[in-house]
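K.L.:
got a structure for you, letters missing:
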């Protein structure tokens, strides 16, 4: 009987986790006409955005100064300097809120010139006793436990 309750509990947790593992990848292009396309984007927490230089000399800098990227990112060992190369980089947005950004060569903070923003909605919950891992990591591990439990129950029958 205890195995059935454990099985049911794990099944319920898996259902709750089902919504957290479907992250989507979006694209924002730095265009030769000195715009970001699209200029605004609304995504879910946990989604990724790939920024690409489609022509011209650009970079991407957050209004808050958290990061600046082009051929590398300032928060991951690169400089984020303006570059004419056809660069690309991907960021994951886990925290709800608005991330405003601009190109240092053609824009400024506050949405001036070549600028854009990303609205992040929803929550990206973490499991404190699971080492602060994201829900999708926790749920992936939970799926492994679920499969093991299913196999053990099948062997007892």
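P.N.:
In hand now; what should we look at? All values derive from a computational prediction rather than experimental measurement. Numbers count the residues shown, from 1 in each chain.

K.L.:
how near is residue 83 to residue 64?
P.N.:
In this view, residue 83 and residue 64 are 21 Å apart by C-beta to C-beta, to the nearest Å. (C-beta placed from N, C-alpha, C; glycine too.)

K.L.:
looking at the two, which is more packed in?
P.N.:
Neighbour comparison, residue 83 and residue 64: the larger count goes to residue 83, with 18 against 10 (by other C-beta atoms under 10 Å).

K.L.:
the more buried one bridge partners, please.
P.N.:
In this entry, residue 83 is beta-bridged to residue 58, by DSSP bridges.

K.L.:
surely it and residue 55 touch.
P.N.:
No - in this structure residue 83 lies outside contact range of residue 55 using C-beta atoms under 8 Å: 12.0 Å.

K.L.:
strands of the chain, residue ranges please.
P.N.:
25-30, 36-37, 40-44, 47-53, 60-62, 68-69, 88-93, 97-108, 112-121, 126-127, 133-134 (DSSP state E).

K.L.:
ok, now which ones touch residue 75?
P.N.:
Shown in contact with residue 75 (C-beta atoms under 8 Å, 6 or more residues apart in numbering): 66-67.

K.L.:
that one and residue 62, how far apart?
P.N.:
From residue 75 across to residue 62, the span is 10 Å (C-beta to C-beta).

K.L.:
for residue 50, the count of nearby residues, please.
P.N.:
Residue 50 has 13 neighbours, counted by other C-beta under 10 Å.

K.L.:
once you drop chain neighbours, what's closest to it?
P.N.:
Once flanking residues are discounted, residue 50 sits nearest to residue 90: 4.5 Å by C-beta to C-beta, 6 or more residues apart in numbering.
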